[in-house]
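Student: Turn this into a structure:
(2 chains)
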Number of protein chains: 2
Amino acid sequence: MAEKFPEPLERLINELSRLPTIGRKSAQRLAFYILKCPREQPLALARALEQLHERLGFCPRCFYIATGELCSICADPGRDASQLCVVEEPQDVAAFDKPGAYKGLYHVLLGRLSPLQGVTPEDLKINELLTRIKDPMSRVQEVILATNPNVDGDATALYLSRLIEPLGIRTTRLGLGLSIGSSIEYADELTIRKAFEGRREL
Amino acid sequence: MAEKFPEPLERLINELSRLPTIGRKSAQRLAFYILKCPREQPLALARALEQLHERLGFCPRCFYIATGELCSICADPGRDASQLCVVEEPQDVAAFDKPGAYKGLYHVLLGRLSPLQGVTPEDLKINELLTRIKDPMSRVQEVILATNPNVDGDATALYLSRLIEPLGIRTTRLGLGLSIGSSIEYADELTIRKAFEGRREL
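Tutor: Just a heads-up that it's a prediction; the model follows:
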């Protein structure tokens, strides 16, 4: 385990293994692959890494990714400003924002409450969310709490609903049930229970 | 699948997904993680990538990684030059070169023969291996073909043995059998057959 490679390789392995889901062994394999590559490939990756923060940041209003001042969604006057969908990560916005699915605005928390991992409300963009809703210019009538349907996501949604409901704003949570195209045979118990609870007249 | 992000992010995702074992979805997850990181982390990775080829290369004799002219193993006068262990990748040298395991020299092929993937003898350091063995100054008496014990590795070893044996040099292959500390219960059929074939008197 304590194999030692020459410093430049060791350094690349260390930097790669700081990324999530990449352990020491994967980092080692990637580093050796990169060493065998033509030099242009790691240089192109290096340039992409350098330019990321230079040319991209978070929208100061909703914390989705933005290249300019506001993100493309906040800057779009055609969106329905009465609905605000609260998500954990920018990726979630990308998943929701498909044609025809949702026309409102977003607010990205940049994380989820997780006492076990030491993530507290101050670490998330919760104050910014409340400021946004309380703004006298705000047209928000409904906050859709679209955090993930797991322990941390549910806890985050509950925490937020207790802060937002007293403001007289409707708070909702996304529907739970079977996924379209999935097999009932492989659905887990909890999803099936939620699907029964959420059953509707035909 | 065809989600489109702003160009700097899209570019990083593309570069990351050129790495082996990293698909588009993993690359996306890594890129978003990097965007949330403090800026220093991607810059440190970028620097490590830039410096890799600048400060590191392959040994011109054995094709293991080297910082200077020859690698640390070829440059070590204490190694037994009568034994040459032929491996596929530099990582294999790192795995073999543990204290007490092997004292000879190495030759890295930088790959394995794989007709299906279009890897032919010309793509590997095979000519360099033969030149090295045929060199009048060579003290090689045994070539240990330590390519991986799978289809491609076996084919590569067989190909090499047909080239090397006629030179009057002993060619051997690493022993196959049960791994130390493994469970017989979980050993595969072929390994068990090889372990029987390779059984020894106590």
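
Student: tell me the domain ranges of chain A?
Tutor: According to automatic domain parsing, chain A is divided into the following domains: A:7-55, A:78-173.

Student: which element follows the lengthiest helix in chain A toward the C-terminus?
Tutor: Ranked by residue count, the top helix of chain A under DSSP state H comes out as helix A:40-55. Using DSSP states H and E, the helix or strand that follows helix A:40-55 in sequence is strand A:57-58.

Student: quick one: average confidence on that next one?
Tutor: Across strand A:57-58, pLDDT averages out at 92.

Student: which helices and strands sit right next to that strand?
Tutor: strand A:65-66 (3 or more C-beta pairs under 8 Å, 6 or more residues apart in numbering or on different chains; DSSP states H and E). Quick note: C-beta positions are derived from backbone N, CA and C, even for glycine.

Student: What are the contacting residues of the strand it packs on?
Tutor: A:56-60, A:71-72, A:74, A:90, B:5-6, B:9, B:35 (C-beta atoms under 8 Å, 6 or more residues apart in numbering or on different chains).

Student: so where is chain A shaky, pLDDT-wise?
Tutor: A:1-3 (pLDDT under 70).

Student: try 80
Tutor: Applying pLDDT under 80 to chain A flags residues A:1-4, A:98-101, A:184, A:200-202.

Student: Mind checking which residue lies nearest the centre of it?
Tutor: In chain A, the residue lying closest to the centroid (C-alpha atoms, centre = their mean) is A:E89, at 1.2 Å.

Student: how about stretch A:145-155 against chain B, any contact?
Tutor: No. Stretch A:145-155 lies out of reach of chain B by C-beta under 8 Å from any C-beta of the partner chain, never closer than 14.1 Å.

Student: quick one on the thing from earlier: point out the most buried one among the domains of chain A.
Tutor: Neighbour counts (mean count of other C-beta atoms under 10 Å in any protein chain shown) averaged over each of these peak at domain A:7-55, with a mean of 18.

Student: longest strand of chain A?
Tutor: Looking across chain A with DSSP state E, the single longest strand is strand A:80-87.

Student: now for that strand, which elements pack on it?
Tutor: By 3+ C-beta pairs under 8 Å, 6+ apart, strand A:80-87 packs against helix A:90-96, strand A:104-108, helix A:126-134, strand A:142-145.

Student: tell me how far the first one is from the chain's mean position?
Tutor: Here helix A:90-96 shows a centroid-to-chain-centroid distance of 6 Å under the convention C-alpha atoms, centre = their mean, to the nearest Å.

Student: and it, what other elements does it pack with?
Tutor: strand A:80-87, strand A:104-108, helix B:24-36.

Student: make it 10 Å
Tutor: If contacts are counted by 3 or more C-beta pairs under 10 Å, 6 or more residues apart in numbering or on different chains; DSSP states H and E, helix A:90-96 sits against strand A:65-66, strand A:80-87, strand A:104-108, helix B:24-36.

Student: Can you tell me what sits against the last one?
Tutor: Looking back up the chat, that one is helix B:24-36. A:18-22, A:48-49, A:52-53, A:56-58, A:65, A:89-91, A:94, A:110-111, B:1, B:3, B:5, B:8-19, B:22-23, B:41-42, B:45 (C-beta atoms under 10 Å, 6 or more residues apart in numbering or on different chains).
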